[in-house]
Each structure stands twice: as structure tokens, then as C-alpha cells.
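Novice: Quick check, what structure comes out for this input:
(chains A, B, C and D)
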Number of protein chains: 2
Amino acid sequence: MTRYREVASDLGRRIVEGEFPIGATLPAEERLAREYEVARGTLRNALAVLERQGMLQPRQGSGWTVQSTLRTQGVAELRSFAEWAESRGFVPSGHVVRSERGTATALEARRLRVPPGDAVLRVTRVRGLDGRPVMLERTVYPGWVAPVVEPLPPEEPSVVRALAEAGIAMAFGSHTLDAIAASSEDARLLGVRRSSPLLRVRRVTAVRDGRVLESGDDRYLPGEVSFQVDASASSNRIGRTRG
Amino acid sequence: MTRYREVASDLGRRIVEGEFPIGATLPAEERLAREYEVARGTLRNALAVLERQGMLQPRQGSGWTVQSTLRTQGVAELRSFAEWAESRGFVPSGHVVRSERGTATALEARRLRVPPGDAVLRVTRVRGLDGRPVMLERTVYPGWVAPVVEPLPPEEPSVVRALAEAGIAMAFGSHTLDAIAASSEDARLLGVRRSSPLLRVRRVTAVRDGRVLESGDDRYLPGEVSFQVDASASSNRIGRTRG
DNA sequence: TAGTGGTCTAGACCACAGC
DNA sequence: CTGTGGTCTAGACCACTAC
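Specialist: From the prediction side, this is the model:
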């Protein structure tokens, strides 16, 4: 653990616990640096961590003000449906509709960055919140991930967590959002009429060394989950939101 | 202009011009710092700027590698339809369908953070790429912005640019993405069938001091424009993409 | 083992906010 | 004016990569 992460962690804890409520101004950097017995540069590294998490915002000449007392996690927040749901107080569910081994088509191979014809695992899941289906997920895993995913119980709510426990941690993700009309299968599994509008999120996630972990196509019912992007000059934050 | 921004700007130019192509490794920080005659800390500030723009990525023990030779702009990239289109080589168009003054409804007042009943300006525009309509935009402006927007020509392609030239610069934006079925008016103006799927982007943007600049509802034809989010442990980047 | 980015220190001066 | 964050310097040592 580096010193600035320790400071960020402790300062974040004090904010979450209410010592500095929303709208409050933190003590000056100089004072906080003395308090934690670090150089001002190190303290500023810690503040930058909390800024990226959306908790703090600086203003030259004034000070650092508390924007939020909720910790967000960037990638993880976007990546794991189950962890997002739990952090918001919903009960996530998952149900495997289909799971089959196969060989990579040209398109899948390009997305997964493996040779065409390589072994892949295709899984279709219906994801729910508090018992109601809200999203249909079709994921393709490359051969090296398949042995970890295949033995999971069909009702496993968090595949991401299971992968992390197996030492496979996601480090990068690219998501593309658009709208699409429900196919016959989409309609049947989500319980809507064919060609009704769905929010489609195509995603490719990779581990630290660049290997692709999965390629997926998620289709959300409108009105249940939407995606929110907060952008400022210095940082962007992305997350799901209800409704 | 601060020194680290100057360095970032020059280094970015060298990358765009091809001196360091995609995949290339930059000279070591120590060497670049000597070259630019700045301290290593200042050079690292410059590299951080280019990292946030998605051009560079560091790896401990190796070096900084070039990820992209395209400059992105964070908020601006997300905010201005016209500037995004031009940067990608498309010709953006805009056409005002309706423009009317009115008083803020309860919902509009909450979004714009003004008292209900305050004067507002409501504008509906069809936005196009290379002559084809791709998006329908309904924007509500608070009273203090209306005098700048109202006199603009109905075919003005970039409202953001016009506002910036009037000294009104957007500093923060929140965007919420979901899918929605086309209403009768949506269908008529975009040339699709009623209840066909559209990507809806609701946005609220604010200036530096926190005043809300506009509240909008944009509806995109599927297959024309989508939104892409690249997330990693250290940073998130958002932008539009074609198709 | 040599070279790289990651972290940290202890100062300094500047630009801006707010009284 | 005083206090704040923003920038900058000139060093140092550590963790990791690649040979």
C-alpha cells in the first residue's frame, strides 16, 4: 500500500462517516499534509484519487468541497451488474438460458482477438432486479476463460466476482451504447412485444496484460436501467442508474 | 498558458504528426524532461493530460506507449454535435423546427434549477450528418441564455460554438442514456415508423459557477450514431461514434 | 543488471477567492 | 490583504520490466 492511497482511504472514510458532509470544505492542503505527516504533493495525490471517485472537487482560491459521500469504482461500477445492483439495494439475479461450446466466427475472433476457429464458450443469461427480468445478456468467452465460467451454477448472480476469485481481474472495458428493436428471442425472454425498443450495450473487457476476457451484447428493457455519464473538464464518471 | 500545458500541446502535436506512431514508445521521462528543460514532475503533468485524452498509456518499468493519434476533448467531445461531426469528417447540419418562449413547468424548473414559472426558451432541432437527419433535439434554455440563442439563424450548425463566442462556456455535463419508442412527432421528423426504437440522451449542462445552461432530450436514429465509453482503472473516456 | 515509471520530499512562487 | 489551490523545481528511492 502506498502512502497516498492510505491517506485517500482514510480521508474517504472520514467523508463517508459524516465528518465532512456534502457541501463542506476540507481543511487546507497544507494543514491536512501536516496532519497526515506527508508532503503536500503526496496529499494532493490522495485528493486526486477522491476527485476521480467523484467525492471531492477543488476550486482554486477556495478549497476542496465534498460533492458526494458515495464511493464509485469506475470500471467495476460499469462492469458488474450484480455489484452495481447490490450497492443500490436491489437483489440481482441471473439465469442461464443457454450455454454452449463452439468455435469462433470471424466476427467473434476479431472481437476476442483470437484466431478464427478457436474454441469459445457462448452463454445467454437473463438478468433480473428484485425478481423481475430487466436485461438479456449474450456473452462470448475465449477458450482460456471457459473452464472457469462453465462450472458455475446456472443461477450464479455474479460472474465477475467468480472470475475475480479465480484470479481473473478485469482491467479495461470498452462499451458501445445504442438502441435496437427486440428480436423474437429478445421479446420472448424479456416478456415484451417483438420490435419494441431496447438499450443495447456491446462490451469488450480485457485483463491487465491486454488479453480479452469476454465480448458481450446486453439488451436492457427501457425504463428499468439507464446509463449515466457525468463529464467535467478534468474527469468523466460513468455508472448505471435506475429508471 | 502553463508550462505543462505547453509541453502537452507540443508533444501531442508530434504524435498527431506521426513522429511517434501508434504503438511506439516515447523517450524516457527523464530524457523528455531534459529536452523540454522542465522538471520531471512538470513533464509528468503534461503526460497526464495526454493520458486523459486517450493518446498515451504508461506501464511501469516499460514506458509510455502511443494509444491513439486522435485528440479527444472530454466534455466538449460529448457536448457539441457539430464539433464531433467535423472532427470525424462529416458535415453537420441543424434545422430549427420550433422555437417558442414560455414559462418553466415544475419539471423544467427542477432540471434548470430555476423557480417554476420563470421564462424559458424551448427549441426543437433536427440534426443531420452529410444531409441525412440522424437526431432530434429538444432543448430548454433558462431566461439568461435565451437572448443569445434566439437570434441565431435557424440553420446554425453549432449552437455550442455560438454560445462560447458569447462567453458562455460549458464546464460540466450530465448525460443519461436509455432507449425509447418513437412518438408520432419523433417519427414524422426523423422519417421512421411510430414506436420504432430510438437512443435517448437526456442531458443537463452547466457553466463553471454551477448555473444550468440547458436541459435537453436528444433522440438518435439507431445505426447512425452510438456512444462509446472506454473505462480503465485510472480513467474513463466517452465519445460518440458512427454506426 | 540497467532502465523505466511510481512515489515521495521540502521547498518556492503564482493565480485566484473572499473578506 | 490573507489564505487557498495550481504549478514548478531538484532531488531521492522504490517497484517493475526487459535483457
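Novice: okay, CA-based contacts and neighbour counts for the rest of this
Specialist: Noted.
Novice: Quick one: the helices in chain A, in order.
Specialist: A:3-16, A:29-36, A:40-52, A:75-79, A:81-87, A:106-112, A:146-149, A:159-165, A:184-190 (DSSP state H).
Novice: is it true that residue A:239 touches residue A:229?
Specialist: Yes - Residue A:239 is within contact range of residue A:229, at 6.6 Å (criterion: C-alpha atoms under 8 Å).
Novice: out of those two, which sits in the busier spot?
Specialist: Under the neighbour definition other C-alpha atoms under 10 Å in any protein chain shown, residue A:239 and residue A:229 were set side by side, and residue A:229 has more, 22 against 19.
Novice: So the more buried one versus DNA strand C, what's the distance?
Specialist: Noted for residue A:229: a distance of 26 Å to DNA strand C, by C-alpha to the nearest atom of the strand, to the nearest Å.
Novice: How about residue A:169?
Specialist: Taken as C-alpha to the nearest atom of the strand, the spacing of residue A:169 relative to DNA strand C amounts to 18 Å.
Novice: again with residue A:17
Specialist: Distance check for residue A:17 against DNA strand C: by C-alpha to the nearest atom of the strand, it reads 24 Å.
Novice: what does chain A put close to DNA strand C?
Specialist: Applying C-alpha under 7 Å from any atom of the strand, one finds that chain A approaches DNA strand C through A:2-5, A:37-43, A:45, A:59-62.
Novice: Okay, domains of chain A per the record?
Specialist: Chain A breaks down into these domains under automatic domain parsing: A:3-66, A:75-242.
Novice: Can you measure across the first one, start residue to end residue?
Specialist: Just to be clear, that refers to domain A:3-66. Counting by C-alpha to C-alpha, to the nearest Å, the length from the leading to the trailing residue of domain A:3-66 is 22 Å.
Novice: pLDDT averaged over that domain - what is it?
Specialist: For domain A:3-66, the mean per-residue pLDDT is 93.
Novice: One more: the longest one?
Specialist: Across domain A:75-242, the average pLDDT comes to 88.
Novice: does that domain come close to DNA strand D?
Specialist: No - figure legend: domain A:75-242 not in contact with DNA strand D (C-alpha under 7 Å from any atom of the strand); closest approach 8.6 Å.
Novice: wait, residue A:14 sits on residue A:20?
Specialist: Yes - using C-alpha under 8 Å, residue A:14 and residue A:20 qualify as a contacting pair, with a distance of 6.8 Å.
Novice: More neighbours: those two, which one.
Specialist: Counting neighbours by other C-alpha under 10 Å for residue A:14 and for residue A:20 shows that residue A:20 has the greater number, 19 against 14.
Novice: surely the more buried one meets residue A:66?
Specialist: Yes - between residue A:20 and residue A:66 there is a contact at 7.1 Å, judged by C-alpha under 8 Å.
Novice: residues bridging contact with the two, i.e. touching both?
Specialist: Taking C-alpha atoms under 8 Å, 6 or more residues apart in numbering or on different chains as the contact rule, residue A:20 and residue A:66 both touch residue A:26.
Novice: who touches residue A:194 in this structure?
Specialist: A:181-184, A:186-187.
Novice: Next one: it from residue A:79, what distance?
Specialist: Taking C-alpha to C-alpha as the measure, residue A:194 falls 28 Å from residue A:79.
Novice: try residue A:128
Specialist: Shown here: residue A:128 relative to residue A:79, a distance of 16 Å by C-alpha to C-alpha.
Novice: Check residue A:1 too.
Specialist: Taking C-alpha to C-alpha as the measure, residue A:1 and residue A:79 are separated by 25 Å.
Novice: More neighbours: these two, which one.
Specialist: Summary of the neighbour comparison: residue A:1 and residue A:79, criterion other C-alpha under 10 Å, with residue A:79 having more neighbours (23 against 5).
Novice: burial measure for the residue in chain A that DNA strand C sits nearest to, as a count.
Specialist: Using C-alpha to the nearest atom of the strand, the single residue of chain A nearest to DNA strand C is residue A:3, 2.9 Å away. Around residue A:3 sit 14 other residues, with neighbours defined as other C-alpha under 10 Å.
Novice: what do you get for residue A:12?
Specialist: Using other C-alpha under 10 Å, residue A:12 has 23 neighbouring residues.
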